[in-house]
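# let me see the structure of the following:
(4 chains)
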Protein chains: 4
Amino acid sequence: MNDHLTAAQRAEIDDLRASPSQTLRATAPGAEKHLYVPHPVLDHGLVRMVDYMGDDAAICQAARVSYGRGTKSVQNDEGLVRYLMRHWHSTPFEMCELKLHVKLPVFVARQWIRHRTANVNEYSARYSILNREFYIPRPEDLAAQSTTNNQGRAEALSGDEAQRVLDWLREDSMRAYDHYEAMISDDGQQGLARELARMNLPVNIYTEWYWKVDLHNLFHFLRLRADAHAQHEIRVYADAICRMVQDWVPAAYRAFEDYRLNAVSFSGPAMACLQRILAGEAVDQESSGMGAREWREFQAALGRA
Amino acid sequence: MNDHLTAAQRAEIDDLRASPSQTLRATAPGAEKHLYVPHPVLDHGLVRMVDYMGDDAAICQAARVSYGRGTKSVQNDEGLVRYLMRHWHSTPFEMCELKLHVKLPVFVARQWIRHRTANVNEYSARYSILNREFYIPRPEDLAAQSTTNNQGRAEALSGDEAQRVLDWLREDSMRAYDHYEAMISDDGQQGLARELARMNLPVNIYTEWYWKVDLHNLFHFLRLRADAHAQHEIRVYADAICRMVQDWVPAAYRAFEDYRLNAVSFSGPAMACLQRILAGEAVDQESSGMGAREWREFQAALGRA
Amino acid sequence: MNDHLTAAQRAEIDDLRASPSQTLRATAPGAEKHLYVPHPVLDHGLVRMVDYMGDDAAICQAARVSYGRGTKSVQNDEGLVRYLMRHWHSTPFEMCELKLHVKLPVFVARQWIRHRTANVNEYSARYSILNREFYIPRPEDLAAQSTTNNQGRAEALSGDEAQRVLDWLREDSMRAYDHYEAMISDDGQQGLARELARMNLPVNIYTEWYWKVDLHNLFHFLRLRADAHAQHEIRVYADAICRMVQDWVPAAYRAFEDYRLNAVSFSGPAMACLQRILAGEAVDQESSGMGAREWREFQAALGRA
Amino acid sequence: MNDHLTAAQRAEIDDLRASPSQTLRATAPGAEKHLYVPHPVLDHGLVRMVDYMGDDAAICQAARVSYGRGTKSVQNDEGLVRYLMRHWHSTPFEMCELKLHVKLPVFVARQWIRHRTANVNEYSARYSILNREFYIPRPEDLAAQSTTNNQGRAEALSGDEAQRVLDWLREDSMRAYDHYEAMISDDGQQGLARELARMNLPVNIYTEWYWKVDLHNLFHFLRLRADAHAQHEIRVYADAICRMVQDWVPAAYRAFEDYRLNAVSFSGPAMACLQRILAGEAVDQESSGMGAREWREFQAALGRA
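Next up, the predicted model:
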């Protein structure tokens, strides 16, 4: 099994999973099975749940400011959770919290950190020595630049071109790491400060962090990063997290899927068009008042693309 | 026993405390004993721990970005926690989280909410009817306005004056609530909307909320609100929370006491004075370069007040 | 003219408006005309713009990380602003900032402060004495409790009932303030501390604060508070702010109106229904898979209510 | 003059500086002279003020919630600003805001972004092509790893070793960029997506962003990053910003220097020691109750190191 761990790391994790405790806190069986278990992502990355607070009932408990669990019935609770999500009540979802350990390439970390409402402790390359681990895409993930969308990808590169890219990525990563090691070595020389030597390393090197976030802000992160427009290399992390959240708070996750992930927002002008269409009028882009790009997006949403 | 609860609320709490679960999460025995138990504050208020995430070891685990518990030894861990606190490393403390249920007068809630980095769900007076519960101070807490500090209190009022104040507070509260009830009644009338009727109620009425915060921001709250300059009516809540935190994360709490709660900050000019004093020079306010008030604060910190 | 100011306040404002300076910063003519001018809200409240940073071009400048103004053409800029709003790019809008001075009833302030991503300085009732100013609704704003929506209003109260309510609100406010004054008086007595005496005052008393917020978070505030579901007493403030923002950053405001204020979000199940309807199928609630309430909201959005 | 700009950029900046407007807003003459002007940092970096909101008087205006400028007298205002800083009143300082344009190496950006309470728009390497600009330290900045502090630097490397490091940094940067260009080229091939090709680039490449922050959070940033323990490569940016802030809000900056930058915090145990020393007792580490490292820090603070 390749779970991207050393034997020592695996032993530490096995140890944690073998040591249950008694608690009076709200406990989510679907989350317990994920605790500490690494989910491999990309070629050397991983994401694993390290701790969680709350469950579906805790959302209702806070919304009702109740003295007990706050549950009336499972059906009743799911109705409340869906109502809260549909009407943009964010604070009850903030009452659940998730803590993850993530190993990820630096360029993915740089996108991820833009979500500011979260807590982060990252492995310090000032203090410690980084490992020789770099993200090298699979050939099928080496996508060409999109010609219609500056921020997008087209189909995969052809075999020759792909091979050239892979060779460069591998060779440049290895050489950069060789020099990094040589710079910090104190064998027969002073040895460069770690905080300086790391500047030679490319952004496909792996870093690690603990990341803690409340469920409302996590849903916001997932809406943007589990989306078709997100870069593939962050999306695979978001997808892995989605599967954990689905097991942890199933009712909240269903509401999130229905009202956020699969929802479509129509602008004021688009709603006017829609009402005209429903009234039987034939509307085209010109008569819609929308720009060309917006009109295409509108048609796609209606399944008419 | 007066724990400020109805029998139904007490039963709900007893039920929660009687239902332990198994968990693989980090568990803090000192916190478990507090879970759900109401700590009475003021005449009708309370604060109780509803959930927690993490323990002393979790602070170290995040600081070390480790795969296992992150503990090397208890002594080693306490040393790291103290180092982190002393050198203002805030992110490892953010990895612990506390959820409280608080019942408190509205004017206390208004001070509390100024701490923005927290999650809040408050009982809604638009949606629900408030209870007839008002904070009426004990006679010994009826302090006179300080004549030297616009924001401070002096000694307690004399008996007659205190009695007059208590009578007004009680009578005005009761009358305001009588009219609130009469306004929202639909008996023989339409009944005013709740969101409007509540405006007749004074700010000594009790409200309730769920409040969730990470340990770093909680320490910041406690440093300001468990302080001698905080208003007595919020300080008693902070004091009650301090006792919970002390049981939950004892090493972090000791570091907080030493490096924050009992610490003194000397300005650049004050440090220059201190070095002159230690060199045997006799320094007075005039030669200190400090203002009168700042000099008094400096002398007090040195135990020379 | 009743602008809710004393003569001294008006003189201070006139003085500020009479003292232009030269600046190299981005300047928005539509904002300049609002600076310092109080817009009366409710019976004694006001909102006025005290400072602003940025304009429509500053949004584009930041999005393009440009060295100059960042403007290519006005038309081009408006297109970019609309694209950013449509695709949920929030950070460029955060590059504009607004500072307001607001005078508002305490119960409105309590709703307002729940928007945490903003900066606030409130008039301190610990330090200073509050004024005898209370919000007393106009008779036409005394709405009955809605019987279908726990959090809503129905039609206005009848004349007799309205009169009774108004009398209570006025009398209770005045009596509470009389006692507040009597408690803090040091005439022949010690005088109760201000921080205690204020607890006798009802939440329709006016307070004041400086409130500073970036444009992204302001739009979020306005979407929730300029909405038909917001309480009337906060909505009138949001409406007044909308008019200022419209003059300050007209392109951003138009995008906000189209893509947020007047937008409708359809859930995944609702989109499936919509596509069935567009395909000619007759869908009713039962076959829609939606709940009764959600179906009503869906029909209303389609203009079929 | 080498200001790290192209001619086109310089022309855009000259254009902005040549176009003053009239404004009624608070204007800070000391800030105006900095507006748009690039301050070179490191070998290709820069920081420049793009906009500001508020001045020293605005801090007082907010603290007093005043209708006019809020100034009583310049001396009076400075006293209030110092009082607010000394007593940890943070909200009045949040009423000033600064917007910067920064060009900085990616590894510096990664430290900087850990300050979350700020707004950021970064140049997008998904959307755009990065420039061939890399940070290569001056030989005197090539410090050896400290042997006593895992996170610190010792003296500069010797000439031979330094030369070896510089050669590697230069050659690896150039080769990485050559391959980056070759990968994205669509000359005779498909051309790799930009969002993928950038992963080959080392973290000493320069990026750019707009960064906007309030004065309270800026002071927090400067306290940590203009400190002797900060990495040299971020400290030079903090130092440059300090000089701007000093010109913009001179009274607030003086208070910041005295009560934050040059202040020393003594723990509870340290205060007990200090009082014993002042009472004439001879205290050494053993009798102090402090650890060895903490005792050294204590002695250093007292000027006895």
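# all contacts plus neighbour counts: C-alpha atoms, from now on.
Fine.
# residue most distant from the centroid, chain A?
Distance to the chain centre peaks in chain A at A:Gly188, reaching 44.2 Å (criterion: Cα atoms, centre = their mean).
# what's near enough to touch that residue?
Listed by Cα atoms under 8 Å, 6 or more residues apart in numbering or on different chains, the contact set of A:Gly188 is empty.
# do you know how far A:Tyr36 is from A:Val108?
A:Tyr36 sits at a distance of 22 Å from A:Val108 (criterion: Cα to Cα, to the nearest Å).
# A:Gly289 too?
38 Å.
# those two: which has the busier surroundings?
Per other Cα atoms under 10 Å in any protein chain shown, whichever of A:Gly289 and A:Val108 has more neighbours is A:Val108, with 21 against 15.
# could you work out the end-to-end span of stretch A:78-95 for me?
Start-to-end span of stretch A:78-95 (Cα to Cα) is 16 Å.
# any buried residues in stretch A:105-117, and which?
A:Pro105, A:Val106, A:Phe107, A:Val108, A:Ala109, A:Ile113, A:Arg114, A:Arg116, A:Thr117 (16 or more other Cα atoms under 10 Å in any protein chain shown).
# in strands, which of those residues appear?
Residues of those located in strands (DSSP state E): A:Pro105.
# out of the buried residues of stretch A:105-117, who's nearest chain C?
Nearest to chain C among the buried residues of stretch A:105-117 is A:Arg114, at 9.7 Å by Cα to the nearest Cα.
# D:Gln275 versus the most centrally placed residue in chain A, what's the distance?
By Cα atoms, centre = their mean, chain A has its centre lying nearest to A:Ala238, at 2.7 Å. A:Ala238 sits 56 Å away from D:Gln275 when distances are taken as Cα to Cα.
# how about the strands in the stretch 1-150 of chain A?
Using DSSP state E, counting those that start in this stretch, the strands of the stretch 1-150 of chain A run over A:21-23, A:39-41, A:45-53, A:97-105, A:119-122, A:143-145.
# to A:Met244, which of those lies closest?
Closest to A:Met244 of the strands of the stretch 1-150 of chain A is strand A:45-53 (Cα to Cα; 7.9 Å).
# average pLDDT across stretch A:114-126?
On average, the pLDDT along stretch A:114-126 is 94.
# and stretch A:203-217, by the same measure?
Averaged over stretch A:203-217, pLDDT sits at 98.
# cool, and stretch A:245-265?
Mean pLDDT, stretch A:245-265: 97.
# format the CA atom coordinates belonging to it as CSV.
Only the C-alpha atoms of stretch A:245-265 are listed here, as CSV (Å, rounded to 0.1, in the frame of the first residue of the first chain):
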residue,chain,number,x,y,z
VAL,A,245,-17.3,16.2,5.3
GLN,A,246,-20.1,14.1,3.7
ASP,A,247,-19.4,11.4,6.3
TRP,A,248,-19.0,13.8,9.2
VAL,A,249,-22.1,16.0,8.7
PRO,A,250,-24.3,14.2,6.1
ALA,A,251,-27.3,16.5,6.4
ALA,A,252,-25.3,19.7,6.2
TYR,A,253,-23.4,18.3,3.2
ARG,A,254,-26.6,17.4,1.3
ALA,A,255,-27.8,20.9,1.9
PHE,A,256,-24.5,22.3,0.7
GLU,A,257,-24.6,20.2,-2.5
ASP,A,258,-28.2,21.3,-3.3
TYR,A,259,-28.0,25.0,-2.4
ARG,A,260,-24.4,25.8,-3.1
LEU,A,261,-22.4,23.3,-5.1
ASN,A,262,-25.1,22.5,-7.6
ALA,A,263,-26.9,25.9,-7.3
VAL,A,264,-27.0,28.4,-10.1
SER,A,265,-27.3,32.2,-9.5
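# that one and chain C in contact?
Yes. Stretch A:245-265 lies within reach of chain C by Cα under 8 Å from any Cα of the partner chain, at A:Glu257, A:Asp258, A:Tyr259, A:Arg260, A:Leu261, A:Asn262, A:Ala263, A:Val264, A:Ser265.
# state the pair within those that is farthest apart.
Spatial extent of the residues of stretch A:245-265 next to chain C (Cα to Cα) is set by the pair A:Glu257 and A:Ser265 at 14.1 Å.
# what about A:Asp178, distance to D:Asp167?
For A:Asp178, the distance to D:Asp167 equals 14 Å [Cα to Cα].
# returning to that earlier point: sec struct for the residue farthest from the centre of chain A, please.
Three-state call for A:Gly188 (DSSP: H, G, I helix; E, B strand; the rest coil): coil.
# if we can go back for a sec, which SS state does the residue nearest to the centre of chain A fall under?
Secondary structure, three-state DSSP: A:Ala238 is helix.
# excluding covalently adjacent residues, which one is nearest to it?
Of all residues not flanking A:Ala238 in the chain, A:Ala226 sits nearest, at 5.1 Å (Cα to Cα, 6 or more residues apart in numbering or on different chains).
# now that neighbour: how far from A:His39?
Taken as Cα to Cα, the span from A:Ala226 to A:His39 is 16 Å.
# got it, and A:Ala230?
Taking Cα to Cα, one finds A:Ala230 at 20 Å from A:His39.
# what of A:Ser90?
Here A:Ser90 is placed at a distance of 29 Å from A:His39 (Cα to Cα).
# of the two, who's got more company?
For the pair A:Ser90 and A:His39, the greater number of neighbours falls to A:His39 (18 against 15), based on other Cα under 10 Å.
# with neighbour count and secondary structure added, can I get the residues of stretch A:245-265 next to chain C in JSON lines?
Shown next, in JSON lines, are these (neighbours: other Cα atoms under 10 Å in any protein chain shown; DSSP: H, G, I helix; E, B strand; the rest coil):
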{"residue": "A:Glu257", "neighbour count": "19", "secondary structure": "helix"}
{"residue": "A:Asp258", "neighbour count": "20", "secondary structure": "helix"}
{"residue": "A:Tyr259", "neighbour count": "22", "secondary structure": "helix"}
{"residue": "A:Arg260", "neighbour count": "22", "secondary structure": "helix"}
{"residue": "A:Leu261", "neighbour count": "20", "secondary structure": "helix"}
{"residue": "A:Asn262", "neighbour count": "16", "secondary structure": "coil"}
{"residue": "A:Ala263", "neighbour count": "18", "secondary structure": "coil"}
{"residue": "A:Val264", "neighbour count": "19", "secondary structure": "strand"}
{"residue": "A:Ser265", "neighbour count": "18", "secondary structure": "strand"}
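# ok now do A:Leu24, which residues does it touch?
Contacts for A:Leu24 (Cα under 8 Å, 6+ apart) come out as B:Leu16, B:Arg17, B:Ser19, B:Pro20, B:Ser21, B:Glu32, B:Leu35.
# again with A:Gln285
Contacts of A:Gln285 (Cα under 8 Å, 6+ apart): A:Gly291, A:Ala292, A:Trp295.
# on that earlier part again, quick one, which of the contacts of A:Leu24 are buried?
B:Leu16, B:Arg17, B:Glu32, B:Leu35.
# nearest to A:Ala11, of the residues you listed?
So of these, ranked by how close each gets to A:Ala11 (Cα to Cα), first place is B:Glu32, at 28.0 Å.
# from what I can see that closest one touches A:Ser21, true?
No. Under the criterion of Cα atoms under 8 Å, B:Glu32 makes no contact with A:Ser21, lying 11.1 Å away.
# quick check, the residue in the stretch 1-150 of chain A closest to chain C?
Proximity of the stretch 1-150 of chain A to chain C (Cα to the nearest Cα) peaks at A:Arg86, 8.4 Å away.
# any idea how far A:Val37 is from A:Leu100?
For A:Leu100 relative to A:Val37 (Cα to Cα), the value is 11 Å.
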